[in-house]
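# Fold the following.
(one chain, ligands or ions: 2)
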Amino acid sequence: MTAPVWRASGMGWRWGAQWTLRDIHLSIHAGERVALVGANGSGKSTLLRVLHGLLKPAEGTLQTNPHVRQGMLFQRPHMLRMSAQRHVALGLWLSGVPWKDASEKARQALVQVGLQDIAKQAAPTLSGGQQQRLAMARVCALLPHVLLLDEPTASLDPRAKREVEQLIAAYAANPVDADTPVTLVFSSHNLGQVKRLATRVLYLEQGRILADLPVHEFFNTPLEARYPQAHLFLQGETL
Ligand SMILES: Nc1ncnc2c1ncn2[C@@H]1O[C@H](COP(=O)(O)OP(=O)(O)O)[C@@H](O)[C@H]1O
Ligand SMILES: [Mg+2]
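Ligands and ions are numbered 1, 2, ... in the order given. Below is the predicted model of the structure:
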């Protein structure tokens with residue numbers, strides 16, 4: 001088996017005196033599609049940030065495969081005050097692509113997410129769904145092997161939600177390099193989305209992973225009986 005993308009052992013993170021992640025033991029391999037679920041404040045966003053290297057563990061260890069290129073989509077993507085195409089091109093340019101190529105690649109990336117007709121429109125004036133598609137274009141143009149997504153469709157209407165979800169699934173369906181399948185790690189309150197996109201589910205409560213199961217087992221396990229707060233999550237959105 002190839003080296004995991006991440007291997008965490010006894011990992012924790014705290015904001016000041018408050019522990020936000022505790023005792024995280026976890027290996028994630030290339031090609032897995034992992035959903036992080038749990039109530040607000042359970043530590044999903046913090047775990048995504050630690051995996052992405054934005055926060056260093058305060059205890060324990062996290063090994064990250066250095067050959068794996070990561071991209072992250074934040075819950076509220078920041079829109080630069082420039083055209084949609086420039087917004088994508090700038091991300092490419094910052095990663096080392098010459099400007100002339102960046103602009104053309106950005107144009108292609110907008111076609112992939114169906115935004116070619118609004119390429120010249122200012123990014124901050126786009127609708128919520130369009131902004132999230134633009135954020136996907138910006139991240140995916142860099143061809144990450146791993147996509148970390150923090151509640152990628154929260155606050156979108158059902159149609160925009162489906163469109164963004166389809167983009168995620170389409171990106172994950174094709175290996176970036178011939179031998180490296182795309183790895184997804186995403187947080188979600190949407191049970192239907194978890195079923196559609198995930199192969200594995202991590203259930204968090206107060207910074208701890210209480211369940212780590214293949215998706216079909218997760219949904220066939222009476223979580224409410226075992227974990228006091230699970231019903232809050234299981235009564236969540238299903239569409
Ligand atoms: N910047 C911060 N400073 C202090 N505490 C924070 C900060 N960000 C998150 N927290 C706390 O960490 C805990 C986990 O938050 P978070 O990872 O955002 O959970 P989730 O994404 O599951 O809602 C919460 O108690 C939250 O209040
Ligand atoms: Mg969060």
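
# Tell me the residues of the protein that contact ligand 1?
15, 20, 38, 40-46 (Cβ under 6 Å from any ligand atom). For the C-beta atoms, the positions are set from N, CA and C on the backbone; glycine is no exception.

# which one of the residues you listed sits closest to ligand 2?
The shortest approach to ligand 2 among those belongs to S45, at 3.2 Å (Cβ to the ion).

# Skipping adjacent residues, who's closest to that closest one in space?
Distance criterion Cβ to Cβ, 6 or more residues apart in numbering; nearest residue to S45, sequence neighbours excluded, is D150 at 5.4 Å.

# what about the residue nearest the centre of the chain, which SS state?
The centroid of the chain falls nearest to L149 when counting by Cα atoms, centre = their mean (1.5 Å). Here L149 is recorded as strand under DSSP: H, G, I helix; E, B strand; the rest coil.

# how much space between the closest residue to it other than its chain neighbours and L213?
Ranked by Cβ to Cβ, 6+ apart and with sequence neighbours excluded, the top spatial neighbour of L149 is F186, at 3.9 Å. Here F186 is placed at a distance of 16 Å from L213 (Cβ to Cβ, to the nearest Å).

# of these two, who's got more company?
Using other Cβ atoms under 10 Å as the criterion, F186 and L213 rank with F186 on top: 26 against 15.

# For beta bridges, what are the partners of that one?
Here F186 sits in beta bridges with A35, L149, as judged by DSSP bridges.

# Tabulate the CA atom coordinates of the lengthiest helix in the chain in CSV.
As assigned by DSSP state H, the longest helix anywhere in the chain is helix 158-173. Only the C-alpha atoms of helix 158-173 are listed here, as CSV (Å, rounded to 0.1, in the frame of the first residue of the first chain):
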residue,chain,number,x,y,z
PRO,A,158,-30.8,23.4,-3.7
ARG,A,159,-29.9,24.0,-7.4
ALA,A,160,-26.6,25.7,-6.7
LYS,A,161,-25.9,23.0,-4.1
ARG,A,162,-26.3,20.3,-6.7
GLU,A,163,-24.2,22.1,-9.2
VAL,A,164,-21.3,22.6,-6.7
GLU,A,165,-21.7,19.0,-5.6
GLN,A,166,-21.5,17.8,-9.2
LEU,A,167,-18.3,19.8,-9.7
ILE,A,168,-16.7,18.2,-6.6
ALA,A,169,-17.7,14.7,-7.8
ALA,A,170,-16.5,15.4,-11.3
TYR,A,171,-13.1,16.6,-10.1
ALA,A,172,-12.8,13.6,-7.8
ALA,A,173,-13.6,11.2,-10.6
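
# So which residues make contact with it?
Applying Cβ atoms under 8 Å, 6 or more residues apart in numbering, the contact partners of helix 158-173 are 33, 112-114, 127-130, 132-133, 136, 140, 147, 149, 152-153, 156, 182, 184, 186, 190, 193, 196-197, 239.

# From D101, how far off is the residue nearest to L149?
30 Å.

# What about L156, how many residues nearby?
Neighbours around L156, by other Cβ under 10 Å: 20.

# In a helix, it, correct?
No - in this structure, L156 is coil, not part of a helix, as judged by three-state DSSP.

# Now it. Nearest residue, chain neighbours left out?
Nearest to L156 is G129, by Cβ to Cβ, 6+ apart, at 5.3 Å.

# The helix or strand where the one you found lies relative to helix 158-173, how many degrees between them?
Here G129 sits within helix 128-140, counting by DSSP states H and E. Note on geometry: by axes from the mean of the first three to the mean of the last three Cα atoms, to 10 degrees, helix 128-140 and helix 158-173 are set 10 degrees apart in direction.
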